[in-house]
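**Student:** next come a sequence and a model predicted from it.
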Amino acid sequence: MDASLVSPVRVAIVGTGHVGATFAYALLLSGLAAEIVLINRDAADAEGEAMDLAHATPLLRPARVWAGDYSDCASAAVVVVTAGAAQGEHDSRLDLAEQNGAIFRTIIPQIARNTTSSVLVIATNPVDVLTYATIKLSGLPPTRVIGSGTILDTSRLQALVGERLGVDPRSVHSDIIGEHGDNQVPVWSLATVGGAPVRVAAASLGIPFDGSTEKELARATREAARRVVDRKGATYYAVATGIMRIVEAILRDQRTVLTVSTLVDHQPGQESICCSMPAVIGAQGVHRVVQLPLNADERHALRRSTDTLRKATTTYDRL
Ligand code: NAD
C-alpha cells in the first residue's frame with residue numbers, strides 16, 4: 001500500500017497538568033495512538049512533558065510525542081481537553097464555572113477552527129456545564145462532544161461495591177448518572193452483580209446489604225474526590241483511566257455503553273443541558289443514549305440534578 005494513504009492515529013491533549021499528563025502517559029502505554037500532541041498555555045510545561053514521554057517510547061511502542069499548537073488538532077481523531085483550574089479544598093465543581101468558562105471561550109474556538117472530524121472529549125470541571133459550552137462554542141454536532149461526566153463516579157461506586165462484596169469490581173454493574181458533582185444519582189434499582197440484583201447477589205454471598213449500605217456507598221462515592229484532594233492535592237489516575245476508556249471506545253469504534261456527559265433531550269419549554277446518561281460510544285462520538293427505567297426516587301433525584309445543572313448552565317450562558 002502507498003504509505004501516503006495511511007494516516008497515523010493522532011490524539012491531541014489540551015492542558016498538560018495532572019490530568020492531561022497522566023492521560024498522555026496512559027495513552028502512550030496503550031499503544032493506541034501513533035501521534036500524541038500536547039498543547040498548553042505554558043509551552044515549557046508541554047515541552048517538558050512531551051520530552052519525558054518521548055524518552056519512554058523505545059521501551060514501549062513507537063509513537064511521536066511533541067508539544068504543539070492548535071493547528072496540530074487538524075488531523076486528530078480525538079482532542080481531549082483538560083485545561084483549567086482544579087477544585088480546591090473548599091470549592092464545589094460548579095464554583096469553577098466562571099474561571100474555566102473563560103478559558104474555554106479562548107481555547108474551544110481555536111480547536112474548532114482547526115479540526116475537521118475530531119471527537120472532543122472534555123474533562124475540565126464543571127464538566128457538564130463545559131461540555132454544553134463546548135457544543136455551543138465549537139458549533140460541532142453535539143454527538144461529537146463528550147464529557148467524561150460520571151464515568152469516574154460509576155467506576156468509584158463499582159470499586160466500592162466490589163470491595164464490599166469481595167468480588168471483582170468488573171462483575172459489578174452500578175451506574176451513576178446526572179451531574180458529575182454533588183447531585184449525582186446512583187441507580188441502585190438497576191444495579192447488578194453477576195447478573196443478579198445487587199441485594200440478591202449480596203444475600204447469596206452472605207453479606208448484609210440494604211438501603212443504609214446503599215446510602216453509605218453513594219456518599220463515599222460523592223465525597224471521593226474531596227477525600228483524595230485532602231490527602232494528595234489532586235485526583236488524576238482514575239479520571240485519566242476513564243478518559244482512556246472513552247478514547248479507546250472512539251478509536252476502536254467499540255460501541256461501548258459508558259456513563260458520559262452528553263446533550264440530553266430538550267424538554268418542551270426548558271433549556272437543553274449536558275449531563276451523564278449511559279451512552280453508546282464509537283468512532284463518531286455518541287451514537288445513542290440508553291433510556292433507563294428509573295424508579296420514582298431516582299427520577300426525582302435526576303430531576304434535582306438536571307435542575308441544578310440547568311441553573312448553572314444558564315448562568316454560564318449569561319456570563
Ligand atoms: P492542573 O492545574 O494540574 O492542570 C491544568 C492545566 O491547564 C495546566 O497545565 C495549565 O497550564 C493548563 N491551562 C490553563 N489554562 C489554559 C489555557 N488557556 N490553555 C491551555 N492550557 C491551559 O489541573 P488538573 O488537576 O490537571 O485538572 C484539570 C481539570 O480537570 C480541572 O478543571 C479539574 O477540576 C478537572 N478534573 C476533572 C475530573 C473529572 O472527572 N472530569 C477529575 C479530576 C479533575
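**Tutor:** Cool, got the structure.

**Student:** run through the residues of the stretch 51-200 of the chain sitting next to the ligand.
**Tutor:** Applying Cβ under 6 Å from any ligand atom, we find that the stretch 51-200 of the chain lies next to the ligand at 82-87, 96, 100, 103, 106-107, 123-125, 127, 148, 152, 180. Glycine gets a C-beta too; all of them are placed from N, C-alpha and C.

**Student:** tell me where this structure has helices.
**Tutor:** Assigned by DSSP state H, the helices in the chain fall at 18-30, 43-54, 97-114, 127-138, 151-165, 198-204, 211-222, 224-232, 237-251, 296-318.

**Student:** pull the CA atoms of the fifth one into PDB?
**Tutor:** If I follow you right, that is helix 151-165. Taking C-alpha atoms only, helix 151-165 is exported to PDB below (Å, rounded to 0.1, in the frame of the first residue of the first chain):
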ATOM      1  CA  ILE A 151     -17.600   7.600  34.100                       C
ATOM      2  CA  LEU A 152     -15.400   8.300  37.100                       C
ATOM      3  CA  ASP A 153     -18.200   8.200  39.700                       C
ATOM      4  CA  THR A 154     -19.500   5.000  38.200                       C
ATOM      5  CA  SER A 155     -16.100   3.500  38.400                       C
ATOM      6  CA  ARG A 156     -15.700   4.600  42.000                       C
ATOM      7  CA  LEU A 157     -19.000   3.100  43.000                       C
ATOM      8  CA  GLN A 158     -18.200  -0.200  41.200                       C
ATOM      9  CA  ALA A 159     -14.900  -0.300  43.100                       C
ATOM     10  CA  LEU A 160     -16.700   0.200  46.500                       C
ATOM     11  CA  VAL A 161     -19.400  -2.300  45.800                       C
ATOM     12  CA  GLY A 162     -16.900  -4.900  44.600                       C
ATOM     13  CA  GLU A 163     -14.800  -4.300  47.700                       C
ATOM     14  CA  ARG A 164     -17.900  -4.600  50.000                       C
ATOM     15  CA  LEU A 165     -19.000  -7.900  48.400                       C
END
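
**Student:** so what touches it?
**Tutor:** Residues from elsewhere that reach helix 151-165, judged by Cβ atoms under 8 Å, 6 or more residues apart in numbering: 168-176, 180, 184, 186, 191, 193, 198, 201-202, 205, 207, 209, 213, 217-218, 220-222, 224, 238-239, 241-242, 245-246, 258-260, 276.

**Student:** Throw together a ChimeraX command that grabs the buried residues out of these.
**Tutor:** To isolate the buried ones among the contacts of helix 151-165 in ChimeraX, judged by 16 or more other Cβ atoms under 10 Å, type:
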select :169,172,173,174,175,176,180,184,186,191,193,198,201,202,209,213,217,218,221,222,224,238,239,242,245,246,258,259,260,276
